[in-house]
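Colleague: coordinates only, no sequence provided:
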């Protein structure tokens, strides 16, 4: 699996999970959704993403996310 595909799966899962938790328990879980969105925005503007750095340390490679 390539970093780009893993990141899309991870971010999608975290956003859905935080939305479900906000609906079931407390709206405070929407702060997690906001944090994820902020990280995506910063990553898009600067090109730096801490999770990509960590995934590279685990041996994942960059590749094509779409075929």
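Modeller: The structure has been received and is ready for your questions. Predicted model, so just to flag it, every value in this text is computed and none were measured.
Colleague: and the contacts of the helix-or-strand element of the chain with minimal mean pLDDT?
Modeller: Ranked by mean pLDDT, DSSP states H and E, the weakest helix or strand in the chain is helix 50-57, scoring a mean of 92. The contact list for helix 50-57 (CB atoms under 8 Å, 6 or more residues apart in numbering) reads 3, 6-7, 10. Placement of C-beta: from N, CA and C, glycine included.
Colleague: residue contacts, the most centrally placed residue in the chain?
Modeller: Central residue of the chain (CA atoms, centre = their mean): residue 11, 2.9 Å from the mean position. By CB under 8 Å, 6+ apart, the residues touching residue 11 are 36, 40.
Colleague: go again using 6 Å as the cut-off
Modeller: Counting by CB atoms under 6 Å, 6 or more residues apart in numbering, residue 11 touches no other residue.
Colleague: what's the answer for the one 4 residues further on, then?
Modeller: If you count contacts by CB under 6 Å, 6+ apart, residue 15 has them with 33, 36.
Colleague: can you do 10 Å?
Modeller: Residues near residue 15 by CB atoms under 10 Å, 6 or more residues apart in numbering: 32-33, 36-37, 40.
Colleague: re earlier: any of the contacts of helix 50-57 buried? List them.
Modeller: Among the contacts of helix 50-57, those classed as buried by 16 or more other CB atoms under 10 Å are 3, 6-7.
Colleague: list the buried residues for the lengthiest helix in the chain?
Modeller: As assigned by DSSP state H, the longest helix anywhere in the chain is helix 3-24. Buried residues in helix 3-24, counted by 16+ other CB under 10 Å: 3-4, 6-7, 11, 18, 21-22.
Colleague: buried sites along the host helix or strand of residue 41?
Modeller: Assessed by DSSP states H and E, residue 41 sits inside helix 30-46. Buried residues in helix 30-46, counting neighbours by 16+ other CB under 10 Å, are found at 32-33, 36, 43.
Colleague: can these go into JSON lines with extra columns for pLDDT and distance to residue 62?
Modeller: Putting these into JSON lines (pLDDT from 0 to 100; distance: CB to CB, whole Å) gives the following:
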{"residue": "32", "pLDDT": "96", "distance to residue 62": "27"}
{"residue": "33", "pLDDT": "95", "distance to residue 62": "26"}
{"residue": "36", "pLDDT": "95", "distance to residue 62": "21"}
{"residue": "43", "pLDDT": "93", "distance to residue 62": "14"}
